[in-house]
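Undergrad: Curious how this folds, go ahead:
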Amino acid sequence: YTLKEMDTNVSIEGATFTFDNFFLEERPSFFDFLRSGWEINLTVAVDFTASNAPVNYPDSLHYINPSGQLNCYQSALWNIGGILENYDSDRQIAAFGFGGVPLYLGQQVVSHCFHLNGAEQPE
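TA: Presented below is the predicted three-dimensional model:
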């Protein structure tokens, strides 16, 4: 390795450096964890806070397009969830919502955590 002066970027002839200590840290990849026997349980959450606009507005992140075109949340869940579902140990995906009023659960106030399927268990 050629050493260079920091301010001039000129090579320093005959210059060397010596390490007193060297440590290499290997970080396992997602697949390393799976190969070693770890399991994942995929959980998703959807933001229903007012910053996303009402669901009947076409520019809302939650808008359900009558043409069938996916909104931003549906697209993300479909694309990412479709891949990660294959690595989920029981293939049951827990889905939560937050920041909205889950009227289908009989609630009338904002909830900061509710099951999107309306059941006792989120999967």
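Undergrad: give me the number of residues near the nearest residue to Ser89 once chain neighbours are set aside?
TA: Leaving aside its chain neighbours, Ser89 sits nearest to Glu39 (3.8 Å; criterion: CB to CB, 6 or more residues apart in numbering). (Each C-beta comes from the backbone N, C-alpha and C, glycine too.) Burial of Glu39 is recorded as 10 neighbouring residues (other CB atoms under 10 Å).
Undergrad: now Asn65
TA: The burial count for Asn65: 10, using other CB under 10 Å.
Undergrad: Isn't the residue nearest to Ser89 up against Phe33?
TA: No - using CB atoms under 8 Å, Glu39 is not in contact with Phe33; the gap is 9.2 Å.
Undergrad: where in the protein is pLDDT low?
TA: Residue ranges of the chain with pLDDT under 70: 1.
Undergrad: check contacts around the nearest residue to His115 once chain neighbours are set aside.
TA: Spatial nearest neighbour of His115, excluding adjacent residues (CB to CB, 6+ apart): Pro122 at 4.1 Å. Going by CB atoms under 8 Å, 6 or more residues apart in numbering, Pro122 touches 43, 94-96, 115-116.
Undergrad: Out of the residues you listed, which is nearest to Arg27?
TA: Distances from Arg27 to these, taken as CB to CB, are shortest for Thr43 (23.4 Å).
Undergrad: Glu13: how many residues sit nearby?
TA: If you count neighbours by other CB under 10 Å, Glu13 ends up with 7.
Undergrad: tell me how far the lengthiest helix in the chain is from the chain's mean position?
TA: Taking DSSP state H as the criterion, the chain has its longest helix at helix 72-84. Put simply, helix 72-84 sits 10 Å off its chain's centre (CA atoms, centre = their mean, to the nearest Å).
Undergrad: Next, Ser60: secondary structure please.
TA: Following DSSP: H, G, I helix; E, B strand; the rest coil, Ser60 is assigned to coil.
Undergrad: how far away is it from Ala119?
TA: 25 Å (CB to CB, to the nearest Å).
Undergrad: What of Val110?
TA: For Val110, the distance to Ala119 - CB to CB - is 20 Å.
Undergrad: same thing with Ala76?
TA: From Ala76 to Ala119 the distance is 23 Å (CB to CB).
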